[in-house]
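S.K.: Generate a structure from the sequence data that follows.
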Amino acid sequence: PPPREPSLRSHPPLLPFFPLRPRATFDPLPLTQSKLARDMETARSIPVTGGSTVMVGPGLFKDIPEHIGKRFSSKISKFVIVSDETVYSLYGEQLLKGCKDQGLDTIAFQIKPGEKSKCRAVKAQVEDFMLENRCLRDTLVVALGGGVVGDLAGFVAATYLRGVPVVQIPTSVMAMVDSSVGGKTAINVPSGKNLIGAFHQPRVVYADMYLLKSLTEKQVKEGLAEAVKMGCIRNLKLFEYMEANAEKIMKQDPEALAEVIFTAISGKAEVVAQDEKEKGVRSTLNFGHTIGHAVEALKKKETLYHGECVAIGMVHEMAVLVDMKKLHEKDVVRITKCLKAYGLPTEIPAELKVEDMMHKMRIDKKNKNGKIRMTCVTGIGKSEPDPIPIDENLVSKYLQSTRGG
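M.R.: Residues are numbered from 1 along each chain as shown. Have a look, this model is predicted:
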C-alpha cells in the first residue's frame, strides 16, 4: 500500500454504512486559522480501492503541496496542474507557488470553464501542452476544479503515454461527493455525455470544504442532489439527515455540510470497492441519470446544471417505478419534497420532445442487450443491486403524459 500522508491521521472506515456523528462531538470553536492547523491533523481518511484514498476536512488545501511532494517527489519529476480559468484565478497561483516552494517542477494549464470544455479538442490541447513541456511517464496530473476539470484531467492522465498518475482537488460539492471519487473519467461527444472515457483511480482526492466558499447557491445545491441520491439508494440515515437539515446545509453550516460530504463520499467509496468497473452494484449510483442525462443532453439553455438534471431524472424515474409497482407513491412524495427543499427542479423542460429523450436513453451506458435500464429504488435507502430493464413503451407513455398529450 502507498505510504500514509504525512501528519494526517487515518480513521477506520465505518462499514457497511456510515452513521452520522452526534452533534455533541463537533468542535464548537470558530474555524480560525489556528483551528485549521489542528483540523489538518484530524482530517478523516476514506479508503476507496487500489490504494486510492480520499482525505476529507477543512483547511487541507494549503498543505497539499507538501503532502504531494513527500509522497510523490521520489518517483515524479514533473507536476501538471489542470484547472479552469475561474478556479485557477481563485486557487491556482497559490497551488502553483506552493508546489514550486517545495522544489517541485510544476506547470499549469487552464481551460475555459463549462461543460463545453469536456471534449476531444480540449483534451488534445492539454496533451499537446504536456508533450511540448516534455512530460514523461514520471508525470503527475493535478486536477484542480469541479467535475468538468476532474473528468477531463483524469481522462488525460488515463491515456497520456498509456497512463500517468493523477490526484484530484475538487472545488465543487458535485465533484467532492461524486465525480472525483472512484476513477471514472470521460469526455462528452455529440451522441451523449461521458461516452468516451476510462477508469483511472486518483492516487489521492483532497476534499477541503473551505474551497466551497466561492460557490453560488445554485452550484452548491446541484452537488447536494448527488448526496440526496446516495441517501435514496443506500443510506436512509443520510437521507433523513438531509431531509431534517436542509436550511443549515444550504447555508454551508460547517458541521452539517461536512457530515453530508463525508457520509456521501464514504457511501460511494464502499460501492466502488465492491465494483470498481461498474459491472453491477456501482451502476445503481446512476439513479436519476437515465432520464437526467437525456434532459442534460437536450436542454436548450445552459441554466440547468448536471445535478439539477439528475434531480429531475430521479423524480421521473421514480414515477416509472411506481407504474411498475416497484416503489410506493409515498416515497416519491417524500423524496420530491426533499429535493424541492434544496431548491432543485423536478419538472422536465417543456421544450423537450419525448422521442428525442428516448433516443438519448437508448444509448445510455447502463443498457444491456438493447434494453434501457434504470436503477430500481424500492424504498428510501434501498435499491436492487443491479439496474433493471425497463419497457420502452412504458417509459415513452409516461413521458408523453408529462408533455400534456
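S.K.: now the strands for the stretch 151-300 of the chain?
M.R.: Counting by DSSP state E, counting those that start in this stretch, the stretch 151-300 of the chain has strands at residues 166-170, 184-189, 192-199, 204-207.
S.K.: Contacts only, for residue 292.
M.R.: 306, 309-314 (C-beta atoms under 8 Å, 6 or more residues apart in numbering). Placement of C-beta: from N, CA and C, glycine included.
S.K.: and if you look at residue 221?
M.R.: 250, 307-308, 342-344.
S.K.: just residue 77 next, same as before
M.R.: 105, 136, 138-139.
S.K.: now, among the contacts of residue 221, which is nearest to residue 153?
M.R.: Relative to residue 153, the closest of the contacts of residue 221 is residue 307; by C-beta to C-beta it sits at 20.0 Å.
S.K.: Wait, a helix at that closest one?
M.R.: Yes - assignment of residue 307 by DSSP: H, G, I helix; E, B strand; the rest coil places it within a helix.
S.K.: What is the burial count for it?
M.R.: 31 (other C-beta atoms under 10 Å).
S.K.: a markdown table please, covering the contacts of residue 221 and showing pLDDT.
M.R.: As requested, the contacts of residue 221 are exported to a markdown table (pLDDT from 0 to 100):
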| residue | pLDDT |
| --- | --- |
| 250 | 93 |
| 307 | 95 |
| 308 | 96 |
| 342 | 97 |
| 343 | 96 |
| 344 | 97 |
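S.K.: Greatest separation within those: which pair is it?
M.R.: So, the contacts of residue 221 by C-beta to C-beta: farthest apart are 250 and 308, at 14.4 Å.
S.K.: Those two: which is more packed in?
M.R.: In this view residue 250 and residue 308 are compared by other C-beta under 10 Å, and residue 308 has more residues nearby, 23 against 17.
S.K.: list the contacts for the more buried one?
M.R.: 221-222, 225, 344-345.
S.K.: Produce a ChimeraX select command limited to the buried residues of these.
M.R.: The ChimeraX command for the buried members of those (criterion: 16 or more other C-beta atoms under 10 Å) is given here:
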select :221,222,225,344,345
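S.K.: contacting residues for the closest residue to residue 122 other than its chain neighbours?
M.R.: Closest residue to residue 122 apart from its sequence neighbours, by C-beta to C-beta, 6 or more residues apart in numbering: residue 111 at 5.5 Å. Residue 111 is in contact with 82-85, 117, 122, 125-126, 148-149, 152, counting by C-beta under 8 Å, 6+ apart.
S.K.: can we see that at 10 Å?
M.R.: 82-85, 87-88, 117-118, 122-123, 125-126, 145, 148-149, 152-153 (C-beta atoms under 10 Å, 6 or more residues apart in numbering).
S.K.: Narrow the residues you listed to just the buried residues.
M.R.: 82-84, 87-88, 117-118, 122-123, 126, 145, 148-149, 152-153.
S.K.: quick one: which of those residues is nearest residue 44?
M.R.: residue 145 (22.5 Å).
S.K.: Identify the bridge partners of the closest one.
M.R.: residue 170 (DSSP bridges).
S.K.: What degree of burial does the spatially closest residue to residue 147 that is not a sequence neighbour show, as a neighbour count?
M.R.: Excluding the flanking residues, the one nearest residue 147 by C-beta to C-beta, 6+ apart is residue 179, at 4.0 Å. Other residues near residue 179 come to 26 when the count uses other C-beta under 10 Å.
S.K.: Please tell me which one of the contacts of residue 77 counts the most neighbours.
M.R.: Of the contacts of residue 77, with other C-beta under 10 Å as the count, residue 139 tops at 22 neighbours.
S.K.: how much distance is there from the biggest helix by length in the chain to the middle of the chain?
M.R.: Counting residues, the longest helix in the chain under DSSP state H turns out to be helix 254-274. Offset of helix 254-274 from its chain centre (C-alpha atoms, centre = their mean, to the nearest Å): 11 Å.
S.K.: quick one: buried residues of it?
M.R.: Per 16+ other C-beta under 10 Å, helix 254-274 contains these buried residues: 255-273.
S.K.: That helix - contacts with which helices or strands?
M.R.: strand 44-47, strand 53-56, helix 173-174, strand 204-207, helix 217-233, helix 236-244, helix 246-250 (3 or more C-beta pairs under 10 Å, 6 or more residues apart in numbering; DSSP states H and E).
S.K.: Could I get the phi/psi values of the spatially closest residue to residue 273 that is not a sequence neighbour?
M.R.: Spatial nearest neighbour of residue 273, excluding adjacent residues (C-beta to C-beta, 6+ apart): residue 49 at 4.8 Å. Per-residue torsions, residue 49: phi -160, psi 150 (degrees, to the nearest 10).
S.K.: Show the contacting residues for residue 49.
M.R.: Residue 49 neighbours (C-beta under 10 Å, 6+ apart): 182-183, 201, 269-270, 272-276.
S.K.: likewise residue 314?
M.R.: 225, 228-229, 232-233, 287-292, 332, 335-336, 339, 344, 346, 375, 377.
S.K.: Roughly how far does it sit from residue 297?
M.R.: 17 Å (C-beta to C-beta, to the nearest Å).
S.K.: Any stretches of the protein with poor pLDDT?
M.R.: Along the chain, segments meeting pLDDT under 70 span 1-42, 301-302, 404-405.
S.K.: if you set the cut-off to 50 instead, what comes out?
M.R.: For the chain, the stretches with pLDDT under 50 are 1-40, 405.
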